[in-house]
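Enquirer: give me a 3D structure for the following:
(chains A, B, C and D)
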Protein chains: 2
Amino acid sequence: MKRKTFTCGLDAAIAVMGGKWKALILWELSQGPLRFGELKRSVPGISERMLILQLREMQTTGLVAREVYHQVPPKVEYSLTDFGHSLISVLIPLGKWGEEHMEHIEATTSA
Amino acid sequence: MKRKTFTCGLDAAIAVMGGKWKALILWELSQGPLRFGELKRSVPGISERMLILQLREMQTTGLVAREVYHQVPPKVEYSLTDFGHSLISVLIPLGKWGEEHMEHIEATTSA
DNA sequence: TTCAGTACTGACATTTTTGTTAGTGGAGGT
DNA sequence: ACCTCCACTAACAAAAATGTCAGTACTGAA
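Expert: Below is the predicted model of the structure:
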């Protein structure tokens, strides 16, 4: 996440959705808006810190929208923007590919 | 690259093609087989070490095949396997998405 | 009155990834 | 004789990503 110029579109796409958590978060949000705590529970293993960092980055790239409801148990809802939806639509085939080959991938990636 | 279980297909796919270089290498190889030195020149900025590390990982996951020609300037050719081609076919839409939004991505990803 | 839940933030530590530099050994060019 | 290319490898260093833990201010429930 430190370049300004990309050598190809894949490069740019990965800059936006690469890393350990972003795709997972996008995936959850593609099912509908979620508040912070819900999102945390639906992405198993993520820490609050990581979740916020990733959400912040995705806000600045415009993939995710954040809406605050001024209530007294505070409520903040995250959702995909149109831009986010456009990304998810091309990520779905990749996700299917991963599912189809998951056994093989589990067996061959690292120890 | 240190898990055995994935929460979804995207997760698995990213385990296989995530990181700074793999997608770029896959992209180059999708145009046809290349030898080590050619690959190095066509992926600008990659170091020899990184190139080999990534190639090795992609060999063990079965995306890339390595063929050695026992000649006297040694010649080693890398190519995509069928598995690799199946991955590239779902990565192409992602690459197109990245191209279409590249300006926006360049403008919004980090300093 | 203590505890859980709300959505975070900051300091710090560790892990993972990436990069740098130097070196292998043989052959061909100048 | 010297340099380059070939495809690597090893030791080490730096940078980036991720994780851990504590704490914020408020409210309602036990």
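Enquirer: going forward, measure contacts and count neighbours with C-alpha atoms only.
Expert: Fine.
Enquirer: now the element after the strand or helix carrying residue A:56, going C-ward?
Expert: In the assignment (DSSP states H and E), residue A:56 maps to helix A:48-60. Using DSSP H and E, the next helix or strand after helix A:48-60 towards the C-terminus is strand A:64-69.
Enquirer: elements contacting the helix or strand following that following strand?
Expert: Using DSSP H and E, the helix or strand that follows strand A:64-69 in sequence is strand A:75-80. Helices and strands touching strand A:75-80, by 3 or more Cα pairs under 8 Å, 6 or more residues apart in numbering or on different chains; DSSP states H and E, are helix A:22-30, strand A:34-35, helix A:36-42, strand A:64-69.
Enquirer: what are the buried residues along strand A:75-80?
Expert: Using 16 or more other Cα atoms under 10 Å in any protein chain shown as the test for burial, strand A:75-80 gives A:77-80.
Enquirer: for DNA strand D, state which of these is nearest.
Expert: residue A:77 (16.7 Å; Cα to the nearest atom of the strand).
Enquirer: excluding its own residues, what touches stretch A:40-56? List them.
Expert: With contact meaning Cα atoms under 8 Å, 6 or more residues apart in numbering or on different chains, stretch A:40-56 is reached by A:21-22, A:24-25, A:28, A:64.
Enquirer: does the lengthiest helix in chain A reach chain B?
Expert: Counting residues, the longest helix found in chain A (DSSP state H) is helix A:82-100. Yes: for helix A:82-100, a contact with chain B is found by Cα under 8 Å from any Cα of the partner chain, at A:87, A:90-100.
Enquirer: most neighbours, which of those?
Expert: Of all the residues of helix A:82-100 next to chain B, the highest neighbour tally under other Cα atoms under 10 Å in any protein chain shown goes to residue A:94, namely 26 neighbours.
Enquirer: go ahead and confirm that residue touches residue B:13.
Expert: Yes: the pair residue A:94 / residue B:13 is scored as a contact, 6.7 Å apart, by Cα atoms under 8 Å.
Enquirer: hang on, the earlier thing: now the longest helix of chain A, how far from the centre of its chain.
Expert: Its chain's C-alpha centre and that of helix A:82-100 lie 11 Å apart, by Cα atoms, centre = their mean, to the nearest Å.
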